[in-house]
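> just to be clear, the model below is a prediction. Sequence and coordinates:
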Amino acid sequence: MNNSVTPHNFFDTHAFVKEMEAAGFTEKQAEVLANKQAELIDQKLATKSDLASLKKDLIIATGGIVALGVGALGAFIGILSALKLLV
């Protein structure tokens, strides 16, 4: 079973076209709007996979920042110790 989700699953173009026609748009106008809306969703909607990847990247970056901070603190303590400013 394929559990992949595409943005089109979230947007029913047929229902959109029917609603637009009911509101006075021609079928052609409604189809163009539906296609453009689907394109925007494809381009801009973040999937669970996108968010998981971003979360992983943020965790890695945060870990790097923490490691850098600990290293800088250690160096600072070392300098203070060398200057005999740390009791």
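Received the coordinates, thanks. Just so we're clear, the structure is a prediction, and the values are computed from it rather than from any experiment. Numbers count the residues shown, from 1 in each chain.
> contacting residues around F25?
By Cβ atoms under 8 Å, 6 or more residues apart in numbering, the contact list for F25 reads L33. C-betas here are computed from N, CA, C, even on glycine.
> and it, how far from F16?
Per Cβ to Cβ, to the nearest Å, F25 is found 10 Å from F16.
> give me the common contacts of those two.
Each of L33 lies in contact with both F25 and F16 under the rule Cβ under 8 Å, 6+ apart.
> poorly predicted segments of this structure, please.
In the predicted model, the chain carries pLDDT under 70 at residues 1-9, 86-87.
> please parse the chain into its domains.
The record, using automatic domain parsing to delimit domains, assigns the chain the ranges 1-45, 47-87.
> give me whichever of these is most buried.
Sort the domains of the chain by mean neighbour count, taking mean count of other Cβ atoms under 10 Å, and domain 1-45 sits at the top with a mean of 12.
> from the chain's centre, how far out does it sit?
Going by Cα atoms, centre = their mean, to the nearest Å, the spacing between the C-alpha centre of domain 1-45 and its chain's C-alpha centre is 22 Å.
> which helix or strand contains L68?
Applying DSSP states H and E as the criterion places L68 in helix 48-82.
> elements contacting that helix?
Applying 3 or more Cβ pairs under 8 Å, 6 or more residues apart in numbering; DSSP states H and E, one finds that helix 48-82 contacts no other helix or strand.
> centre of the chain to it, how far?
From the chain centre to the centre of helix 48-82 is a distance of 22 Å (Cα atoms, centre = their mean).
> elements contacting the strand or helix carrying A38?
Secondary-structure assignment from DSSP H and E places A38 in helix 27-44. Using 3+ Cβ pairs under 8 Å, 6+ apart as the contact criterion, the secondary-structure elements in contact with helix 27-44 are helix 13-22.
> so the helix it packs on versus helix 27-44, what angle?
Following axes from the mean of the first three to the mean of the last three Cα atoms, to 10 degrees, one obtains 140 degrees for the angle between helix 13-22 and helix 27-44.
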